[in-house]
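Pasting the sequence and the predicted coordinates here, then a few questions.
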Amino acid sequence: MSSYLYYPGCSLSGSARAYAESLAAILTPLGVELKEIDDWNCCGATEYLTLSPLRGYALIGRNLALAESQRNGTSTLVAPCSACYANLAKTDRFVRDSAVLREQLNGALAADGLQYTPGSITVRHLLEVLIEDVGLDEVRRHVTRPLHGLRVAPYLGCLVSRPDYDDRWSRHEQPRELDRLMAALGADVVDYPLRTACCGGHMTQISPNTGFELIRRLVDAADRREADLLVTVCPMCQMNIDAYQDEMNHHFRTDYHVPILFFTQLIGLAFGLEPRALGIGTEIVSAHRALGRIGIEVPAAEEVAVPAGPAGPAAREGRRAPRPQGLPMPHLDEDDR
Amino acid sequence: MASAVRVSPLGAAVDHRFVDEINAATVSDSRLEMCIQCGTCGGSCPSAADMEHTPRMLFAMARAGFRDDVLRSNTPWMCVSCYFCSVRCPQEIHIPDLMYAIKSIATREGVAPASTGAAFSHTFVDNIHRYGRSFEVGLVARHYLRHYPFRLPGIAPMGIGMVTKGRMGFVPHRIRGIAGLRAILARAGELETANSSQVGQA
């Protein structure tokens, strides 16, 4: 049983509840123990850094300081949320590199009797821990219901392999770690060149049309490759593609239906666990049909009735559906996969 | 001090201390001075089409001291923090962090361009001050009612789905150490103010 410090992040007790439930369900079979940092706070996403960078770093630094003081046989801090991971890892790196930031961050933390020793905590994303420490052989050993025939587009999103100042990932733009994990579960892995393209982050909240276009590119690329679903490692990506797919469809007058699940949910399914225990069915774009194709029965989708008629800014103003933007995407050679 | 502000040939006020000001706000090393104007950033940017200036242009303007134009540009608000530019930049400039620094100065001075970006950040941060954690329901409810009421009919089914599927908690969680967290943030705010006023005296 290997043990890690754990920073869940805010989404996992709310919009990404399915991520937390499915993670909890696969830990025991994989022999991993996660010790949640006591009384952790929000990492501030990009919002606190936007208003006040130093206060943003202090906010993140409090979590690092708590982790340092709660070390108990391990100094590795695992984050399942890509934004939390990027913030924690970046802050640790910046305080190692910058004497000014180190002094000021600790000056702020001293207001509550805390301090952080740069480098005393190693921040890692959950996906990396499962692949590098647990290992794909161990994952394969627990697969009782291989996902044969399920076409999965591996969508890593931005903030895992970028900025990656500590070079933990094979590549910044086309890393294959998630592909390899999905292959270990027996899934048919789709060549998905947008694997680290951006879901738009908070653009659905502050500049919806920008956000819709970024969501459209991801969903369209998966649809063109006849993927049954997207798999993600990030609550923000899941939220944007799942919860805003309907509004995006209204905006572009399109009719995409591409479900997106967390990688921990697919691991749980391949391990033969009950779909309901993995939070399957909590997605807005139902995965019912996709999973049914490979004989996995999930609770009947409670589709919420969508009101007929136009919605969204485009329809409201009575103008034609906007033209999609974006460049053609490269096809990757077999050698490169 | 007054001699640092001149008028550019374009008529805009030029502030030659602006780069120092941005660097002070970035706290870590921004490397802004290293920009070679290659344009890799704009070419890599998924939201560049919606920006008034490409990042390359924004950095040129910043280094030329066009403080007002930079602070009023929508460019930093369109940055999605995807770090494509950052990993491709041959000069390893910390581009998203520069965008945060520029947004923080613009917000502090109240000249941020018309966008709901600053309002969203403020609402998000208010919840952190109140609870120490994000509060998703409170955040989206306040933001949508205030800024996007016309989107509510379109997203109502999704909102209902989020609630019925148990993905929206109505009770915020307050951390035990909230008083300590507020003290940390207040101290950091004082240090930040001191950083920016030091630039003014240089």
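Received the coordinates, thanks.

and the longest helix along chain B, what does it pack onto?
Longest helix of chain B, by residue count under DSSP state H: helix B:178-201. Secondary-structure packing of helix B:178-201 (3 or more Cβ pairs under 8 Å, 6 or more residues apart in numbering or on different chains; DSSP states H and E): helix A:53-69, helix A:99-109, helix B:18-26, helix B:117-131. For the C-beta atoms, the positions are set from N, CA and C on the backbone; glycine is no exception.

okay if I get those helices as CSV plus mean pLDDT?
Putting the helices and strands packed on helix B:178-201 into CSV (pLDDT from 0 to 100) gives the following:
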stretch, mean pLDDT
helix A:53-69, 98
helix A:99-109, 97
helix B:18-26, 95
helix B:117-131, 96
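
wait, which of the ones you listed is closest to A:L156?
Between A:L156 and the helices and strands packed on helix B:178-201, the shortest gap by Cβ to Cβ is with helix A:53-69, which sits at 22.0 Å.

so, in contact with chain B or not, the closest one?
Yes - for helix A:53-69 and chain B, the contact criterion (Cβ under 8 Å from any Cβ of the partner chain) is met by A:53-59, A:62.

Please look at A:V189 and A:E177 and confirm they touch.
No - look at A:V189 against A:E177 with Cβ atoms under 8 Å: they stay out of range, at 11.8 Å.

near chain B, anything from the helix or strand containing A:Y85?
Element membership of A:Y85 [criterion: DSSP states H and E] is helix A:82-97. Yes - using Cβ under 8 Å from any Cβ, helix A:82-97 comes into contact with chain B via A:94, A:97.

list the contacts for the closest residue to A:L127 other than its chain neighbours?
Spatially, and ignoring its direct neighbours in sequence, A:L127 is nearest to A:V233 (4.9 Å; Cβ to Cβ, 6 or more residues apart in numbering or on different chains). Residues counted as contacts of A:V233 (Cβ atoms under 8 Å, 6 or more residues apart in numbering or on different chains) are A:80, A:82, A:125-127, A:156-157, A:160, A:178, A:262-263.

what does B:G159 give?
B:M168.

On the three-state scheme, it is what?
Reducing the assignment at B:G159 to three states with DSSP: H, G, I helix; E, B strand; the rest coil gives helix.

From A:M182, how far off is the residue nearest to A:L127?
11 Å (Cβ to Cβ, to the nearest Å).

and for those two, which residues touch both?
A:F263.

What are the contacting residues of the longest helix of chain B?
Under the contact criterion Cβ under 8 Å, 6+ apart, helix B:178-201 has outside partners A:41, A:52-55, A:57-59, A:62, A:104-105, A:107-114, B:1, B:17, B:20-21, B:24-25, B:27, B:105, B:129, B:131-132, B:175.

what about burial for those residues, which qualify?
Of all the contacts of helix B:178-201 considered here, the ones buried according to neighbour count by 16 or more other Cβ atoms under 10 Å in any protein chain shown are A:41, A:52-55, A:57-59, A:62, A:104-105, A:107-109, A:111-112, A:114, B:17, B:20-21, B:24-25, B:27, B:105, B:131-132, B:175.

and B:R176, how many residues sit next to it?
A count of neighbours around B:R176, defined by other Cβ atoms under 10 Å in any protein chain shown, yields 10.

pretty sure it contacts A:D39?
Yes - the pair B:R176 and A:D39 qualifies as a contact (Cβ under 8 Å) at a distance of 5.2 Å.

how about the strands in chain B?
B:5-7, B:13-15 (DSSP state E).

what separates the residue nearest the centre of chain A from A:E128, distance-wise?
Chain A has A:C234 as the residue nearest its centroid, 1.0 Å off, counting by Cα atoms, centre = their mean. As judged by Cβ to Cβ, A:C234 and A:E128 stand 13 Å apart.

Secondary structure of A:L230: a strand, I assume?
Yes - secondary structure assignment places A:L230 in a strand (three-state DSSP).

In space, what's closest to it - neighbours in sequence excluded?
Once its chain neighbours are removed from consideration, A:L230 has its nearest residue in A:I260; the separation is 4.2 Å (Cβ to Cβ, 6+ apart).

Could you do B:N23 as well?
For B:N23, ignoring the flanking residues on the chain, the nearest one in space by Cβ to Cβ, 6+ apart is B:S30 at 5.4 Å.

Contact partners for the one you found?
Listed by Cβ under 8 Å, 6+ apart, the contact set of B:S30 reads B:22-23, B:93-94, B:97-98, B:101.

Phi and psi next, for it.
phi -80, psi -30 (degrees, to the nearest 10).

Might one say that A:V129 is in contact with A:S3?
No - taking Cβ under 8 Å as the contact criterion, A:V129 and A:S3 are not neighbours in contact, 11.2 Å apart.

which intervals of chain B have sub-threshold pLDDT?
For chain B, applying pLDDT under 70 flags the ranges B:1-12, B:200-202.

Next, count neighbours for B:E190.
Neighbour count for B:E190, taken as other Cβ under 10 Å: 13.

dump the residue contacts of the residue nearest to B:P55 when sequence neighbours are not counted.
Here the nearest residue to B:P55 in space, its sequence neighbours aside, is B:C41; by Cβ to Cβ, 6+ apart that works out to 4.0 Å. B:C41 is in contact with B:54-56, B:85, B:88-89, B:93, B:95, counting by Cβ under 8 Å, 6+ apart.

Export those as TSV, with columns for neighbour count.
Shown next, in TSV, are the contacts of B:C41 (neighbours: other Cβ atoms under 10 Å in any protein chain shown):
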residue	neighbour count
B:T54	17
B:P55	28
B:R56	21
B:C85	24
B:R88	17
B:C89	21
B:I93	22
B:I95	31
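
Among the residues you listed, which are located in helices?
B:55-56, B:85, B:88, B:95.

Need the max-distance pair from those residues.
Taking Cβ to Cβ, the two most distant members of these are B:R56 and B:R88; they sit 12.3 Å apart.

quick revisit: can you check which of the helices and strands packed on helix B:178-201 gets nearest to A:T144?
helix A:53-69 (35.2 Å).

just the strands in chain A please.
Listed in chain order, the strands of chain A (DSSP E) span A:2-6, A:32-36, A:76-79, A:122-125, A:151-155, A:188-189, A:229-232, A:260-262.

In TSV, list the ones you listed along with mean neighbour count, distance to A:L88 and mean pLDDT.
Compiled in TSV, the strands of chain A are given as follows (neighbours: other Cβ atoms under 10 Å in any protein chain shown; distance: least, Cβ to Cβ, whole Å; pLDDT from 0 to 100):
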stretch	mean neighbour count	distance to A:L88	mean pLDDT
strand A:2-6	18	11	97
strand A:32-36	16	14	98
strand A:76-79	23	6	98
strand A:122-125	22	4	98
strand A:151-155	25	22	98
strand A:188-189	20	29	98
strand A:229-232	27	19	98
strand A:260-262	27	20	98
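
so which of those comes closest to B:M34?
The stretch from the strands of chain A with the least distance to B:M34 (Cβ to Cβ) is strand A:122-125; that distance is 26.6 Å.

For residue 170, give me its contacts.
Reading this off chain A. Under the criterion of Cβ under 8 Å, 6+ apart, the neighbours of A:S170 are A:176-177.

Please refer instead to chain B.
Under the criterion of Cβ under 8 Å, 6+ apart, the neighbours of B:F170 are B:V137.

which residues of chain A score low on pLDDT?
Residues of chain A that meet the cut-off, pLDDT under 70, sit at A:300-319, A:326-337.

what about 80?
Low-confidence segments of chain A (pLDDT under 80): A:299-321, A:323-337.

Can you tell me which residues in the stretch 51-200 of chain A are near chain B?
Residues of the stretch 51-200 of chain A found near chain B (Cβ under 8 Å from any Cβ) are A:51-59, A:62, A:94, A:97-98, A:100-101, A:104-105, A:107-114, A:158-159, A:162-164, A:172-173, A:197-198, A:200.

In the stretch 1-150 of chain A, which residue sits closest to chain B?
Among the residues of the stretch 1-150 of chain A, A:D112 lies closest to chain B, at 3.4 Å counting by Cβ to the nearest Cβ.
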